[in-house]
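**Student:** quick one, structure for this:
(chains A and B)
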Amino acid sequence: MAEGEPKEKTEDPKKVVHTYPLIRHSDMPEETKIESMELVVTACEKHSANNEAAARMIKEEMDKKFGPPFHVVVGEGFGFEISYECSNLLYMFFGGNLAICIWKC
Amino acid sequence: MDEFRMKLKSYSNPSNPARGKTILSSKRKTEAYLRVMFDGKDVTPKPLNPDVFSGGRERQISVYEHDRPDVRRSTIQSLNKTYSIVRFKSELREGREGSTQPYRGSIQSSTHLTSLGGASSLTDKEENPTSGSQDENAEPSATAGLEAGPPQEEEDEDTSSIQAMKKMPVRVALTLCETNTVFLLDIPSATAIKDTEEGDLVELDNEAYEYLTVGKGRNRKMLHAEVQTKPIIVKTRTTDYQRNKTKAGSSYCSVWEMYDTYKDKQDSEEESEDDSEDSDVGEATGHKLDEVSSLDSFRLSNEEKQVQKLMKSPRFLEAVCVIERLLASNCFKEEQKIFRCLTVPDDFREKIEYNYRLNHLWTFANEYTKGRSVNSLDWNSKNKDILAVGYGKFYFADQVAGLVLIWSIKNPVQPERQYNFTPPVTAVSFSKENPMLLAVGFYDGAVIVLNIASREKMIIGENIPPFEPCWSLCWNYGQTQGEEEVVCATFDDGRICAYSVQKKLEPFQLMRVAKADGKLKGYNATKKCTNLVIPVTRYDAAYFLRYHPIHSSIYFVGTNQGVIHKCSINYLNQHLDLFLAHEGPINAMKFSPFCPQIFATCGDDWHTRLWAEGISDPMVDMYVTMHSVEDFDWSPSHSTIFVTTQSKFIQIWDIQRKIYDPQSITESPSKARCTKVQFTDNGNCLIVGDVDGNVHVFSVEDLPFKAFFQENLLFESMSRVLSTNLPLMKKLRKLRRKQSVMK
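**Tutor:** Take a look at the predicted model:
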């Protein structure tokens, strides 16, 4: 019985909204990756209504931690074509509707 | 009157300045009312200022409200009583509650009314004591204002209101406090008082001074001593910063993509959970992949499958290569014979003409070379059938990826080797020692050494790419004779580096060509107009490097400013000599194969020039049209013949005949701008590369017979050209004599 209930919920996939951070693509070293991910989560939670502020916070922190120049995009729908320094790219999803792209060049 | 005084005193209390104003202004209003009532008509003119009007009414209320028979009797005796009662009621209805203060004021005004004619004197008397009473709590100025008031009272209300304004600041509080002390000037005393502690010290000091300067202490013993501080030892260290590797990526992010990603992840998690029970994960997914590929392979016939398998086998590829050569030789048999000089026209033929004709044999080109400019050509040093060609475009808006093709004359249709690269290829050069080694230079500054024995890209060495394009490459033996062969590369930032193949192309900087300034010898260029005191770059781009044909330690570097630097590998980072050869960039510099003293340069200033070593003036100056001379080459078979390319034309010159015009001008078959030109070793054929990616092979026909003393012919031809320039001719003869003596 306990198993039956959640199954019924998952049968309607449209209602399932994942909000946990998910790294879509990254070539960063493992430690950097985790640190950046945590920073993104903090920034996006702090400035949940203001993507610009979140992006600024991420960028400034990344510049401080790993050295400038970093570029950050936080948004819900965008296309991008970038050149980045190897092992300095992070493309992740967060909060169900936000995509964050961080790269250094 | 005493009572009045008391009332006035209380009224003129500074706490009620506003009321004081209304008292005075009210007087005329009351008069107005009264006058109207005399007429018995309700034609009271309304005052323009409603505020003042209401103030006047306020007075009225107070008058009627308070029952003061003594005053009222005198005031109202001439009034229409009924009317005033009606007014009184209407005022009451407005809910105005008369206070004690205003009505007292109106009393005063009402007294004015009673007195009528001689009112002024009466009010004076009334007011004066008031002013006296105000002295107790108000400033004198305020009192003065009050005193000035009475005579104005009968004037219009404006003046009275001004008077009221003056009254308003009844009490002004001023607080005085001390600020911090500010010193504007401070001169400390230079003297000390005698018999104080300070004075005693000064006296002692003065005595000591006297003793040392004029007293006995003047003749004290002294010793001279020296000491040297430790010199600071400095070291110079340089390092090459490795370029950061970058990548390009792109994506489109949207809610749907996010959803799919999350879903895929979830699915894969679920799958893996399921699969963990089924034991083998990889097999399931691997099977799926196999199914997809097998679907394609299923559609192919058995033969095609076999061909696909065969294509991977190197032995088959070798066989195909041989077959291709055989087939090509069917089509190009005659041309190949001409190329190899197997069908030389008979020297004793009847009709002999010197046409300097170019006969197009074939063109090295395929679908890959289309649109890729030929940037460099090099014949293999051992196998003269093999030609390496570097392709790629590096113009600002038009960049095409690089390509290196190895062509063989045995197969003019398809290349033997094909190596693809991302950056455009700018230079190729075969090693003289190991003919299978090919150095390749790129527009992004990278230099690699390939082993062309392998069909696959087999990179022997790779440099740490600098930031500037590599312009030319050449192989040479190292600094001391007998050492291993090194690759010398010239870069856009003026650096000339030697790379050792054995050390994985470790750079060794031979030279950096600085911008030449001041008056240079050589070609007498027109004065340039420059207003830049500090140049943008301090280094010129080094376009090519050419070793001296005799002295192996000496090399020449041509720059984009038209200057040729003569340098020695024994003196790093400095030049032995420099001269101006062209006004713009120099495209090529080549020594005559017959006389090492004579060399030629061509450049973007539309000219080709012949020079003799040690003579700074150009010997011969050749010019056809206003197009940059892209490349130049001496004929290896005839000392006086050379070829230049200008735009889409190939020009063959013979200074034995004339110098004002080329002997023949041939248009390129592809009608594209020619970039590179080179004779084959035997001098019978010519290869021309163009910006469209074609490499044309021509045979040079109808040339004059070879001279027996080629060098003599060259000198004699040049002397003839210089017959109008005696000083230069003398110099050339001197050089010739010197050379014959040395021999």
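**Student:** dump stretch B:401-409 to CSV, restricted to CA.
**Tutor:** The C-alpha trace of stretch B:401-409 is given here as CSV (Å, rounded to 0.1, in the frame of the first residue of the first chain):
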residue,chain,number,x,y,z
ALA,B,401,40.7,25.8,-42.1
GLY,B,402,44.2,24.5,-42.9
LEU,B,403,45.1,21.5,-45.0
VAL,B,404,48.4,19.9,-45.9
LEU,B,405,48.4,17.7,-49.0
ILE,B,406,51.3,15.7,-50.3
TRP,B,407,51.1,15.4,-54.0
SER,B,408,53.1,13.2,-56.3
ILE,B,409,53.6,13.8,-60.0
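**Student:** from the middle of its chain, how far away would it be?
**Tutor:** 36 Å (C-alpha atoms, centre = their mean, to the nearest Å).
**Student:** quick one: contacts of it?
**Tutor:** B:325, B:336, B:339-340, B:364, B:368-369, B:372, B:385-392, B:415-425, B:428, B:438, B:440, B:442-443, B:450, B:452, B:695, B:697 (C-beta atoms under 8 Å, 6 or more residues apart in numbering or on different chains). C-beta coordinates here come from the backbone N, C-alpha and C atoms, glycine included.
**Student:** leaving out sequence neighbours, find the closest residue to the most centrally placed residue in chain A.
**Tutor:** Nearest to the mean C-alpha position of chain A, counting by C-alpha atoms, centre = their mean, stands residue A:92 at 3.6 Å. If the residues on either side of it in the chain are set aside, residue A:92 comes closest to residue A:23, at 4.5 Å by C-beta to C-beta, 6 or more residues apart in numbering or on different chains.
**Student:** what about that neighbour, how many neighbours?
**Tutor:** Around residue A:23 there are 18 other residues, counting by other C-beta atoms under 10 Å in any protein chain shown.
**Student:** go on, residue B:442?
**Tutor:** Residue B:442: 23 surrounding residues under other C-beta under 10 Å.
**Student:** ok, residue B:666 next?
**Tutor:** Neighbours of residue B:666 (other C-beta under 10 Å): 23.
**Student:** secondary structure class for it?
**Tutor:** Here residue B:666 is strand, with the state taken from DSSP: H, G, I helix; E, B strand; the rest coil.
**Student:** check the one 4 residues further on too.
**Tutor:** Reducing the assignment to helix, strand or coil with three-state DSSP, the entry for residue B:670 is coil.
**Student:** what about the residue nearest to it when sequence neighbours are not counted, neighbour count?
**Tutor:** Among residues not flanking residue B:670 along the chain, residue B:694 sits closest, at 4.7 Å (C-beta to C-beta, 6+ apart). Counted by other C-beta under 10 Å, the residues lying close to residue B:694 total 20.
**Student:** do the one 3 residues further on as well
**Tutor:** The local packing of residue B:697 (other C-beta under 10 Å) involves 24 other residues.
**Student:** check which helix or strand covers it.
**Tutor:** Taking DSSP states H and E as the definition, one finds residue B:697 inside strand B:695-701.
**Student:** how far is that strand from where the chain is centred?
**Tutor:** The answer for strand B:695-701 is 46 Å, by C-alpha atoms, centre = their mean.
**Student:** equivalent analysis for stretch B:728-743, please.
**Tutor:** That offset, for stretch B:728-743, works out to 53 Å (C-alpha atoms, centre = their mean).
**Student:** likewise for stretch B:210-225?
**Tutor:** 68 Å.
**Student:** now the end-to-end length of that stretch.
**Tutor:** Terminal residues of stretch B:210-225 are spaced 26 Å apart (C-alpha to C-alpha, to the nearest Å).
**Student:** hang on, the earlier thing: the residue nearest to residue B:670 touches residue B:362, doesn't it?
**Tutor:** No - Residue B:694 is beyond contact range of residue B:362, at 10.3 Å (criterion: C-beta atoms under 8 Å).
**Student:** of the contacts of stretch B:401-409, select the buried ones using a ChimeraX command.
**Tutor:** Listed next is the ChimeraX selection for buried residues among the contacts of stretch B:401-409, using 16 or more other C-beta atoms under 10 Å in any protein chain shown:
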select /B:325,336,339,364,369,372,385,386,387,388,389,390,391,392,415,416,417,419,421,423,424,425,428,438,440,442,443,450,452,695,697
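**Student:** contacting chain A as well, which ones from the contacts of stretch B:401-409?
**Tutor:** Counting by C-beta under 8 Å from any C-beta of the partner chain, nothing from the contacts of stretch B:401-409 sits close to chain A.
**Student:** list the buried residues of stretch B:217-227.
**Tutor:** Taking 16+ other C-beta under 10 Å as the criterion, stretch B:217-227 shows none as buried.
**Student:** show me which positions of the longest helix seen in chain B end up buried.
**Tutor:** The longest helix of chain B (DSSP state H) is helix B:314-339. By neighbour count with 16+ other C-beta under 10 Å, helix B:314-339 contains the buried residues B:321, B:325, B:328-329, B:332, B:335-336, B:338-339.
**Student:** average pLDDT across it?
**Tutor:** On average, the pLDDT along helix B:314-339 is 90.
**Student:** helix or strand for the residue nearest the centre of chain B, which one?
**Tutor:** What sits nearest the mean C-alpha location of chain B, by C-alpha atoms, centre = their mean, is residue B:536, with 12.8 Å. Assigned by DSSP H and E, residue B:536 belongs to no helix or strand.
**Student:** what of residue B:464?
**Tutor:** Using DSSP H and E, residue B:464 falls within no helix or strand.
**Student:** excluding chain neighbours, what is closest to it?
**Tutor:** For residue B:464, the spatially nearest residue (C-beta to C-beta, 6+ apart) is residue B:242, at 5.3 Å.
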